[in-house]
Structure formats: structure tokens, C-alpha cells
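Undergrad: how would this look folded up:
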Amino acid sequence: MNVCIMGGGRVASELATLLDQEGHAVTVIDSETSQFDRLPPSFSGETVLGDATDEAVLRKAGLQHADAFIALTRDDERNAMAAQIAKHIFGVRKVVCRIYDPPREEFYKTLGLEAISPIMVFARLVKGRLEE
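TA: This is a model prediction of the structure:
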């Protein structure tokens with residue numbers, strides 16, 4: 001699978017590493033070169049410096065050939081914008097974006113985006129543990 005990941009933070013770097021280790025083609029896009037330092041020396045994927053809401057940067061990252069796009073920055077609006085660009089302009093089949101603000105998760109779902117709120121995921125996980 002050919003995967004583009006927007007963001008180079010801890011979650012993005014961990015996901016990129018896991019996918020790379022499984023043999024997937026992975027490209028990480030971030031606007032700060034220091035974020036790429038989180039990737040291990042064994043990472044065989046690509047890194048692209050730039051704003052992933054910019055179509056030219058996304059083309060440079062090869063989004064037109066991607067099977068999946070995951071937006072994992074700390075900025076809900078940028079994640080949603082990049083996800084919409086990936087889905088509607090580039091026609092990427094599988095698009096997922098992280099949304100921190102739980103009410104926005106449902107709103108972005110109405111836009112046809114697969115949105116995940118880590119706050120809600122963790123809250124449900126803790127609740128499940130409490131109920132065990």
C-alpha cells in the first residue's frame with residue numbers, strides 16, 4: 001500500500017515506522033525538518049518538507065498515486081482541509097484525519113471524512129476498563 005502521512009509528531013512517526021516495517025511505501029509530510037528526526041534510521045520511506053494543504057507539496061509527495069492519506073497534525077482545521085483535498089481533488093480512496101475536539105469529529109463525518117478523536121478513543125478505552 002502507498003501511504004502519505006501529514007505530520008511528523010509521535011503518532012505519525014510511530015505509524016510511519018510500523019507501516020514501513022510491514023513493507024508499505026510511506027511518505028511523511030511536515031513543515032518542520034526537525035520532525036523527521038523522530039523517524040528511525042531504518043526508515044526506508046520518503047520525507048517531504050512543506051505544507052500538506054498545498055496541492056504542489058502533495059503532488060511532490062506523490063499523493064496522486066497514494067492508496068491512503070492520514071492527517072495527524074495538532075491542528076484540526078488543517079487536518080480536515082488536507083483530508084478534503086486528498087479525497088476530493090486527488091481521489092485518494094482511504095482518508096483518515098485526527099480531530100482533537102470531540103464535537104468536530106461528528107461534524108467532519110458529515111462532510112464525508114473519516115475522523116478520529118483520540119480524546120474520545122481514550123475515554124472509551126478507559127470507560128471499558130472501568131466496566132471490566
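Undergrad: Could you look up the SS state of the residue nearest to Ala83 when sequence neighbours are not counted?
TA: Once flanking residues are discounted, Ala83 sits nearest to Cys97: 4.1 Å by Cβ to Cβ, 6 or more residues apart in numbering. The C-beta positions use only the backbone N, C-alpha and C, and glycine is treated the same way. Assigned by DSSP: H, G, I helix; E, B strand; the rest coil, the conformation of Cys97 is strand.
Undergrad: May I have the beta-bridge partners of Cys97?
TA: Cys97 has these beta-bridge partners by DSSP bridges: Ala71, Ala115.
Undergrad: if I look at it, how far off is Thr17?
TA: Shown here: Cys97 relative to Thr17, a distance of 20 Å by Cβ to Cβ, to the nearest Å.
Undergrad: Settle it for me: which of those two has more neighbours?
TA: Neighbour totals were compared for Cys97 and Thr17, and Cys97 leads with 26 against 18 (other Cβ atoms under 10 Å).
Undergrad: pretty sure that one is in contact with Arg78, am I right?
TA: No - assessed by Cβ atoms under 8 Å, Cys97 is found out of contact with Arg78, at 9.3 Å.
Undergrad: Report the set of residues contacting both of these two.
TA: Shared contacts of Cys97 and Arg78, defined by Cβ atoms under 8 Å, 6 or more residues apart in numbering, comprise Ala71.
Undergrad: could you give me the average pLDDT of the lengthiest helix in the chain?
TA: Secondary structure of the chain per DSSP state H: the longest helix is helix 118-131. Helix 118-131 shows a mean pLDDT of 92.
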